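In: Kindly return the folded structure for what I paste below:
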Amino acid sequence: MAIDLGTLLVKANAYKHVLQNTEDYRHQWPATIKPLLKESLDEIIAAAELKADVKFQENIENLEAVILDLGKSSSGISESLEDSGVKRTMVKNNGALIYQQLFNGKIMVMLMSPYIEGYGDPKPPKTIEILRPDELNKSFIIRHMELFLKDITEWEDFDDDQPVKNNTGFNPIGFHNNGVQTEE
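Out: Predicted coordinates for the structure are as follows:
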């Protein structure tokens with residue numbers, strides 16, 4: 001007597017399809033994705049006249065990354081070391097745009113905001129989106145770069161002059177705040 005498998009075979013076929021997609025996506029990384037990212041990011045760096053490098057992390061096969069790295073610089077901040085007259089310059093990491101190949105061959109796009117070593121903790125990378133290799137093209141890369149530039153510009157231009165809204169629709173009470181309802 002045959003057992004009733006219901007939708008089990010449909011689910012098994014869907015699983016096999018996803019496994020095949022993973023293999024296909026992994027083959028696309030070295031063949032098309034890495035060259036597309038390198039070429040596009042190099043074009044953007046040149047056109048925007050940015051001080052940046054395109055780097056590859058290739059130490060783990062099928063979990064590789066292409067990184068647009070703005071490098072490190074002096075933060076302009078230095079720490080005095082205990083009455084010695086010696087000062088230690090704090091280094092600023094200028095941020096990075098990261099394309100990370102995931103375990104399933106899809107591509108996770110992330111932003112690494114700037115941070116100053118020794119001055120607070122760096123924020124974890126912010127995920128922009130996850131794409132299938134066939135979805136990634138130069139238009140997406142330009143959009144990712146625009147988001148990255150917006151993020152690092154906001155970090156560099158940080159101030160607390162903007163009113164902070166909470167879920168009540170009112171500004172918080174305190175110095176420079178008058179408790180007046182704000183318009184959304």
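
In: Might you list the low-confidence residue ranges for this protein?
Out: 160-184 (pLDDT under 70).

In: That one: strands as residue ranges?
Out: Along the chain, counting by DSSP state E, strands occupy 53-57, 65-69, 72-81, 86-93, 96-101, 107-112, 115-116, 126-131.

In: got the angle between the fourth one and strand 72-81?
Out: Here strand 86-93 runs at an angle of 150 degrees relative to strand 72-81 (axes from the mean of the first three to the mean of the last three CA atoms, to 10 degrees).

In: Name the surrounding residues that touch stretch 85-92.
Out: Residues outside stretch 85-92 that contact it (CB atoms under 8 Å, 6 or more residues apart in numbering) are 72-75, 77-81, 114-119. The way it works is simple: take the backbone N, C-alpha and C, and place the C-beta from them, glycine included.

In: Among those, which pair sits farthest apart?
Out: Farthest-apart pair in those is 81 and 114; separation 24.4 Å (CB to CB).

In: So for the two, which sits in the more crowded spot?
Out: Using other CB atoms under 10 Å, the more surrounded residue of residue 81 and residue 114 is residue 114, with 20 against 10.

In: residue contacts, the residue lying closest to the more buried one once chain neighbours are set aside?
Out: With sequence-adjacent residues excluded and distances taken as CB to CB, 6 or more residues apart in numbering, residue 114 is closest to residue 95, at 4.4 Å. Residue 95 sits next to 70, 111-114, 148, 151-152, 155 when contact means CB under 8 Å, 6+ apart.

In: re the thing from before, ranking the strands of the chain by burial, who's on top?
Out: Per residue and on average, the most neighbours among the strands of the chain fall to strand 96-101, with a mean of 23 (mean count of other CB atoms under 10 Å).

In: Please name the nearest non-neighbouring residue to residue 45.
Out: residue 52 (5.0 Å).

In: hang on, isn't the one you found packed against residue 73?
Out: No. Applying CB atoms under 8 Å, one finds residue 52 not in contact with residue 73, separated by 12.0 Å.

In: quick revisit: which phi and psi does the residue nearest to residue 45 have?
Out: phi -150, psi 160 (degrees, to the nearest 10).

In: That one: neighbour count?
Out: Neighbourhood size, residue 52 [other CB under 10 Å]: 21.
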